[in-house]
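Student: this one's structure only:
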């Protein structure tokens with residue numbers, strides 16, 4: 001599928017709408033909505049109206065795929081940037097932040113060592129040099145942040161700026177779009193838990209003893225679907241911190257496969273834990 005880089009802002013907005021992604025106008029060279037809220041501050045309508053009044057100015061709640069409405073917006077402001085409302089029917093988006101030294105690039109490298117990015121359907125460069133990874137949208141994921149890791153998530157109730165929009169910082173550029181997206185989504189909770197793992201209540205802190213390492217393997221073997229990658233990564237990191245070596249990591253690999261994780265996927269996740277330990 002041809003990326004929308006060379007299109008006018010109007011044609012790009014229509015291009016996204018044809019994909020079924022609702023769009024709305026942003027102020028020229030800005031990430032903020034073009035139209036101000038029509039309801040006075042402090043009124044009940046200001047807090048509750050999501051566009052039912054029929055006027056523009058509700059931000060992402062104005063987003064639409066109606067070509068007539070889109071043409072009307074951009075005929076009035078041809079330089080308006082394009083915003084896409086995230087979450088189904090729009091995409092879910094992983095925002096990789098590198099501005100002001102944010103460590104998003106390193107976090108993305110860790111994620112590439114797992115299967116958590118398998119459903120990417122679009123990849124763009126943001127104006128500040130970061131990246132947007134786009135996935136099939138979901139209805140049950142909102143927005144989330146991991147500022148210490150340079151990662152944000154945009155789902156229901158969020159929006160992103162899309163190419164070929166331009167801000168005072170730079171231009172949004174499409175790097176890659178899938179011609180045949182498979183519809184697989186992304187699990188923000190799994191990504192979150194990979195970087196900020198929940199502590200398993202069944203594993204006691206007993207240093208680097210064989211008992212502790214065996215308990216980690218037992219815990220990994222019982223991990224439910226959806227938490228296996230993040231749980232294995234957490235356990236491998238703890239094993240390495242406790243002085244575990246190849247034998248202990250091999251036990252964790254067997255435990256992960258027992259839980260239902262593919263062997264290659266388990267090996268990649270353990271390798272990612274090794275890299276994280278070396279980088280620490």
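Tutor: Noted; the coordinates are in hand. The shown structure was predicted, so the numbers you read here are calculated from the model rather than taken from an experiment. Numbers count the residues shown, from 1 in each chain.

Student: Could I get the full set of strands for the protein?
Tutor: All strands of the chain, identified by DSSP state E, fall at 23-26, 81-85, 92-96, 122-125, 131-135, 144-146, 151-154, 159-161, 173-177.

Student: of those strands, which approaches residue 213 most closely?
Tutor: Nearest of the strands of the chain to residue 213, taken as Cβ to Cβ: strand 144-146 at 28.1 Å. In this view, the C-beta of every residue, glycine as well, is placed from N, C-alpha and C.

Student: That closest one - contacts with which helices or strands?
Tutor: strand 151-154, helix 188-195 (3 or more Cβ pairs under 8 Å, 6 or more residues apart in numbering; DSSP states H and E).

Student: Regarding this structure, what is its longest helix?
Tutor: Longest helix in the chain by number of residues (criterion: DSSP state H): helix 263-279.

Student: pLDDT (mean, whole number) over that one?
Tutor: Mean pLDDT, helix 263-279: 85.

Student: Then stretch 82-102?
Tutor: For stretch 82-102, mean pLDDT rounds to 95.

Student: what does stretch 141-160 give?
Tutor: If you average the pLDDT over stretch 141-160, you get 94.

Student: how close does residue 143 sit to residue 95?
Tutor: 10 Å (Cβ to Cβ, to the nearest Å).

Student: no, scratch that, I was asking about residue 159
Tutor: Residue 159 is 11 Å from residue 95, by Cβ to Cβ.

Student: Neighbour count: these two, which is higher?
Tutor: Ranked by neighbour count (other Cβ atoms under 10 Å), residue 159 and residue 95 place residue 159 first, with 24 against 20.

Student: residue contacts, residue 221?
Tutor: 255-256, 258-259 (Cβ atoms under 8 Å, 6 or more residues apart in numbering).

Student: Let me know the closest of those to residue 222.
Tutor: residue 259 (6.6 Å).

Student: Tell me how many other residues surround that closest one.
Tutor: Neighbour number of residue 259 under other Cβ under 10 Å is 19.

Student: now swap in residue 78 and tell me
Tutor: Counted with other Cβ under 10 Å, the neighbours of residue 78 add up to 11.

Student: Over to the one 3 residues further on?
Tutor: For residue 81, the count of nearby residues is 26 (other Cβ under 10 Å).

Student: wait, doesn't it sit right on residue 159?
Tutor: No - between residue 81 and residue 159 there is no contact under Cβ atoms under 8 Å: 11.2 Å.

Student: Report the residue ranges of every domain in the protein.
Tutor: As assigned by automatic domain parsing, the chain contains the domains 9-192, 197-279.

Student: Please name the bridge partners of residue 96.
Tutor: Beta-bridge partners for residue 96, by DSSP bridges, are residue 131, residue 151.

Student: Wait, it touches residue 104, no?
Tutor: Yes - judged on Cβ under 8 Å, residue 96 makes contact with residue 104 at a distance of 3.9 Å.

Student: Next, the angle from the helix or strand of the chain with the lowest mean pLDDT to helix 263-279.
Tutor: Taking mean pLDDT, DSSP states H and E as the measure, the helix or strand of the chain with the lowest value is helix 210-221, at a mean of 75. Angle, helix 210-221 to helix 263-279, by axes from the mean of the first three to the mean of the last three Cα atoms, to 10 degrees: 130 degrees.

Student: Pull out the buried positions in helix 210-221.
Tutor: Residues 212-213, 215-217, 219-221 are the ones in helix 210-221 that count as buried (16 or more other Cβ atoms under 10 Å).

Student: Just give me the residue closest to the centre of the protein.
Tutor: Nearest residue to the geometric centre of the chain (Cα atoms, centre = their mean): residue 94, 1.9 Å.

Student: Cheers, nothing more for now.
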